[in-house]
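*Asks:* heads up, no residue letters with this:
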């Protein structure tokens, strides 16, 4: 289950995307303005954001630029009536993953989510985010993110490796089990193998 935010000043669009993605068993929170969404993003970033460009006050492109500047790792999908090529190009230039034109079908929303959130690139960004949380001692934030990665990437070794990083300081046997699980999924996973060797050697650093 992924945590999804939707920002759109049209309540019908918010409700429709929320319904589509909740039927896919995801957690969806909606906002009418970029300002409302940004306040929550600052406290707890989503796994993916759907946003319009034509928003009141702060527009969607300004929001996208702020997300880019603050180095958030979640993908952004623009859902908009705006079809001006320059605006679309500018949005992609600042890091959006996909652009959907209104009106849209449920299939377009679902396929865009799968393309953007379930991509290898997104997983690698999430991996970096978890590692930065662990290094900063923010284990609660790291744990929440790893839990979502287990749910959304069940066949990937990465969540097991990241959980092992979390468990390294307080339960090395548990860390070893997850490292072995990571290596069972990918025998060539170098980082998992190196951490397992480190634990077996008794290296505490």
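*Replies:* On my side now, so go ahead. Here the structure is a predicted model, which means the values were calculated and not measured.
*Asks:* shouldn't residue 25 be in contact with residue 1?
*Replies:* Yes. Between residue 25 and residue 1 a contact is recorded at 5.6 Å, counting by Cβ atoms under 8 Å. Every residue, glycine included, has its C-beta placed from N, CA and C.
*Asks:* These two: which is more packed in?
*Replies:* Under the neighbour definition other Cβ atoms under 10 Å, residue 25 and residue 1 were set side by side, and residue 1 has more, 13 against 9.
*Asks:* who are the neighbours in contact with that one?
*Replies:* 25-27, 148, 151-152 (Cβ atoms under 8 Å, 6 or more residues apart in numbering).
*Asks:* mind checking how far residue 160 is from residue 28?
*Replies:* 28 Å (Cβ to Cβ, to the nearest Å).
*Asks:* I'd like the contacts of residue 1 laid out as a markdown table, including secondary structure and pLDDT.
*Replies:* As requested, the contacts of residue 1 are exported to a markdown table (DSSP: H, G, I helix; E, B strand; the rest coil; pLDDT from 0 to 100):
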| residue | secondary structure | pLDDT |
| --- | --- | --- |
| 25 | coil | 92 |
| 26 | coil | 94 |
| 27 | strand | 95 |
| 148 | helix | 86 |
| 151 | helix | 84 |
| 152 | helix | 82 |
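*Asks:* Can you tell me which of those is nearest residue 198?
*Replies:* residue 148 (26.5 Å; Cβ to Cβ).
*Asks:* and that closest one, how many neighbours?
*Replies:* By other Cβ under 10 Å, 16 other residues sit near residue 148.
*Asks:* go on, residue 83?
*Replies:* Per other Cβ under 10 Å, the neighbour tally for residue 83 reads 10.
*Asks:* Next up, the contacts around the nearest residue to it once chain neighbours are set aside.
*Replies:* Among residues not flanking residue 83 along the chain, residue 101 sits closest, at 6.2 Å (Cβ to Cβ, 6 or more residues apart in numbering). Going by Cβ under 8 Å, 6+ apart, residue 101 touches 80-81, 83.
*Asks:* wait, isn't residue 167 in contact with residue 178?
*Replies:* Yes. Here residue 167 reaches residue 178: they are 6.8 Å apart, a contact under Cβ under 8 Å.
*Asks:* These two - which one has more neighbours?
*Replies:* Per other Cβ under 10 Å, whichever of residue 167 and residue 178 has more neighbours is residue 178, with 25 against 19.
*Asks:* which of the residues in the helix or strand hosting that one are buried?
*Replies:* Secondary structure assignment for residue 178, by DSSP states H and E: helix 172-185. For helix 172-185, a neighbour-count test (16 or more other Cβ atoms under 10 Å) marks 172, 175-176, 178-179, 181-183, 185 as buried.
*Asks:* What lies in contact with the helix or strand hosting residue 164?
*Replies:* Counting by DSSP H and E, the element that carries residue 164 is helix 158-167. For helix 158-167, contacts defined as Cβ under 8 Å, 6+ apart pick out 123, 127, 130-131, 134, 139, 142-143, 146, 149-150, 153, 174-176, 178-179, 181-182, 185, 189, 191-192, 195.
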